[in-house]
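> this is a predicted model, with the sequence first.
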Amino acid sequence: MVFSSPVFLFLFLPFMLFTYFIAPRFLKNYFLLAGSLFFYAWGEPVLVVIMLLSIGMNYIFALAVDAYRDSSVKLKWIMAVMIVANLSILVVFKYAQFLVDNLNSLLSISIEIPDIPLPIGVSFFTFQSISYVIDVYRKDGKAQKNPFNVGLYIALFPQLIAGPIVRYQTIAAQIKERHETIEGFAYGIRRFIIGLGKKIIIADSCGRIADQIFAQNPADFSTGLAWIGIIAYTFQIYFDFSGYSDMAIGLAKMFGFDLLENFNYPYISKSIGEFWRRWNISLGTWFRDYVYIPLGGNRKREVHTYLNLLIVWTLTGVWHGADWTFVLWGTYNGLFIMLEKAFLGKILKQSKRVFAHIYAMFIVVTGFVFFRSDSFSYAFSYLGSMFGLQGNGWGIDASYQLAENGVILIIALIASTPLLKKVCAWLENTAKQSGEIRSAGYRFAATGSYLVVLLLSVVFMISNTFNPFIYFRF
């Protein structure tokens, strides 16, 4: 089940909200857990067992950490087994075929394994499970004695499928006690509508442009069309993922949970380092706190710092998908972050903002070619068209695309910046200063605009082909 489907919007969500708010306080968590497992099982009726396995084993690992805290040797073994057990889920269900294919190619053998279905969102809930036990180990949170509370932390449906990755220490107190308010519920609705509009209206529209172009042979289309295709995909992946995060934050708020922000206008960045501090913030902080810092971070010699960065970013690429294109994409970003740390960052700070911004977006957009492509050969052929190496020029095909889809690309460009947010804040402040009548008028207009976005989203949802969130496969 996905947030941008009629079943979720008109059946599941209303039922969950109604029954949650009429349920006694002591039953609310149990009801949310049952609803979350049903939400996951809707599309994964068998693989929900993997989710339950993750919940059960990490509940036991956290209790074991508490029980053997005074024995450093046993504690290290528990943590080692915990990490291996959790990563084994990822290896078996996400990377097994990739590993076997590469082993067959390397050794010229023909090992065959059965098709293993990929549990939706397995990377997200696995990382969340690992962080729970590590936080207990670090004494950043107490081990839950109630297994249902652990289950709710890992399986809470607003963030279950595609994040944001919620740290245990962030939400532990809220699982035990939280307060739902009318203001919070209203904010949650508004935030959900914003995310729904991002996904349905902008991301899916840009996705259709990108899919149409990437379905062609790069050698056959022009430089202009190649740039339009990757720019459309750049907007698609941002509005798809940030839209999901907005919906997750909004839904959680309706049920009284406060989740941390996951995006902060990454496309206004002036360096790759800044971009990754603004993009998928929960994943970046997870790798920083649980991989980069334990490896030594920047506390040792520079060569160790660069090696740690390279490891983290290669793992980031691996996390996103079982394909060498993802590995290259992660390493590619890591190399530019290393260069910025070495010397490029100082140059960018001394440069004009417009040049730093052009640099950052050029690197990001170019990198997304590897992220979107199914193979190295396709990626390099696509890059060849982008940079005019195949001699096709701008092309009439690019002109047709702009004439047909230029408006949605302009809307996406504006919406990817803080401009709309600043305009709305200015209008609200001006209305408040102008008296109660204008302030009420602004609130009425704002409510109307949310209703328009919701209505348009529903119309687009019903009229267009189903298009799942990009990050579901991660």
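It's in. Residues are numbered from 1 along each chain as shown.

> domain-wise, how is the chain divided?
Per automatic domain parsing, the domain ranges recorded for the chain read 9-155, 184-415.

> adding mean neighbour count, write these out as a markdown table.
To be clear about C-beta, it is placed using only N, CA and C from the backbone, and glycine gets the same treatment. Listed next are those as a markdown table, based on neighbours: other C-beta atoms under 10 Å:
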| stretch | mean neighbour count |
| --- | --- |
| domain 9-155 | 17 |
| domain 184-415 | 19 |
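
> closest to Ala172 out of those domains?
domain 9-155 (4.8 Å; C-beta to C-beta).

> average pLDDT for the closest one?
When pLDDT is averaged over domain 9-155, the result is 90.

> which outside residues touch the helix or strand hosting Tyr306?
Here Tyr306 sits within helix 302-320, counting by DSSP states H and E. Contacts to helix 302-320, defined as C-beta atoms under 8 Å, 6 or more residues apart in numbering, come from residues 95, 123, 127, 283, 287-288, 291-292, 295-298, 326-331, 333-335, 337-338, 341-342, 371, 474.

> now swap in stretch 450-470 and tell me
2, 4-6, 9, 161-162, 189-190, 193-194, 196-197, 199-201, 204, 207, 236-237, 240-241, 244.

> same thing but at 6 Å, please
Residues outside stretch 450-470 that contact it (C-beta atoms under 6 Å, 6 or more residues apart in numbering) are Val2, Ala162, Arg190, Ile193, Leu196, Gly197, Ile200, Ile201, Asp204, Ile237, Asp240, Tyr244.

> ok, now stretch 377-396?
Pro218, Ala219, Ser222, Thr223, Gly224, Leu225, Ala226, Trp227, Val369, Phe370, Ser373.

> could I get the residues you listed in CSV, plus columns for pLDDT and secondary structure?
Formatted as CSV, the contacts of stretch 377-396 follow (pLDDT from 0 to 100; DSSP: H, G, I helix; E, B strand; the rest coil):
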residue, pLDDT, secondary structure
Pro218, 89, helix
Ala219, 85, helix
Ser222, 87, coil
Thr223, 90, helix
Gly224, 91, helix
Leu225, 92, helix
Ala226, 92, helix
Trp227, 94, helix
Val369, 96, helix
Phe370, 95, helix
Ser373, 93, coil
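
> now distance to Ser105 too, for those, in TSV please.
Shown next, in TSV, are these (distance: C-beta to C-beta, whole Å):
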residue	distance to Ser105
Pro218	24
Ala219	25
Ser222	34
Thr223	33
Gly224	37
Leu225	33
Ala226	29
Trp227	33
Val369	24
Phe370	20
Ser373	19
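
> nearest to Trp279 among these?
Of the contacts of stretch 377-396, the one sitting nearest to Trp279 (C-beta to C-beta) turns out to be Phe370, at 15.9 Å.

> now that closest one: closest residue in space that isn't a chain neighbour?
Trp329 (4.2 Å; C-beta to C-beta, 6 or more residues apart in numbering).

> ok, back up a step: okay, who's weakest in the contacts of stretch 450-470 by pLDDT?
Ala162 (72).
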